[in-house]
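S.K.: Build me a model from this:
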Amino acid sequence: QQSCLLISHTIEALILDPDSFSFQESGFSGSLQADSEYERRTMSVFNQVLEEVELLGRKHPPVSHLVRR
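M.R.: Next comes the predicted model:
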């Protein structure tokens, strides 16, 4: 649940402040041809969320590994 909440806050923050990171940092660096500004921003946010999820996955084990059965 905490991971989902963090992702939700990340998406919200990036949508509210799309200039919080550059398009170059998001990994597209011009290789993606978006049809509209909305698509460009959406793909940019999606890529940023994927990077955050990968980073969290490296820092913290999945919750299922922490729960005793």
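
S.K.: In the chain, which helix is the longest?
M.R.: helix 37-59 (DSSP state H).

S.K.: That helix: which residues count as buried?
M.R.: The neighbour-count check on helix 37-59 (16 or more other Cβ atoms under 10 Å) flags 40, 43-45, 47-49, 52 as buried. Backbone N, C-alpha and C define where each C-beta goes, glycine included.

S.K.: How about stretch 6-13?
M.R.: Buried, per 16+ other Cβ under 10 Å, within stretch 6-13: Thr10.

S.K.: Packing partners of the longest helix of the chain?
M.R.: helix 2-16 (3 or more Cβ pairs under 8 Å, 6 or more residues apart in numbering; DSSP states H and E).

S.K.: between the helix it packs on and helix 37-59, how many degrees?
M.R.: Orientation check (axes from the mean of the first three to the mean of the last three Cα atoms, to 10 degrees): helix 2-16 against helix 37-59 gives 150 degrees.

S.K.: if we can go back for a sec, among the buried residues of helix 37-59, name the least confidently predicted one.
M.R.: The lowest pLDDT within those belongs to Met43, with 78.

S.K.: picking up where we left off before, go through the buried residues of helix 37-59 and name the one nearest Leu16.
M.R.: Val45 (10.6 Å; Cβ to Cβ).

S.K.: Skipping adjacent residues, who's closest to the closest one in space?
M.R.: The shortest distance from Val45 to any non-neighbouring residue, by Cβ to Cβ, 6 or more residues apart in numbering, is to Leu14 (4.6 Å).

S.K.: picking up where we left off before, the buried residues of helix 37-59 into JSON lines, with extra columns for distance to Leu6?
M.R.: Shown next, in JSON lines, are the buried residues of helix 37-59 (distance: Cβ to Cβ, whole Å):
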{"residue": "Arg40", "distance to Leu6": "24"}
{"residue": "Met43", "distance to Leu6": "20"}
{"residue": "Ser44", "distance to Leu6": "18"}
{"residue": "Val45", "distance to Leu6": "14"}
{"residue": "Asn47", "distance to Leu6": "17"}
{"residue": "Gln48", "distance to Leu6": "13"}
{"residue": "Val49", "distance to Leu6": "10"}
{"residue": "Glu52", "distance to Leu6": "8"}
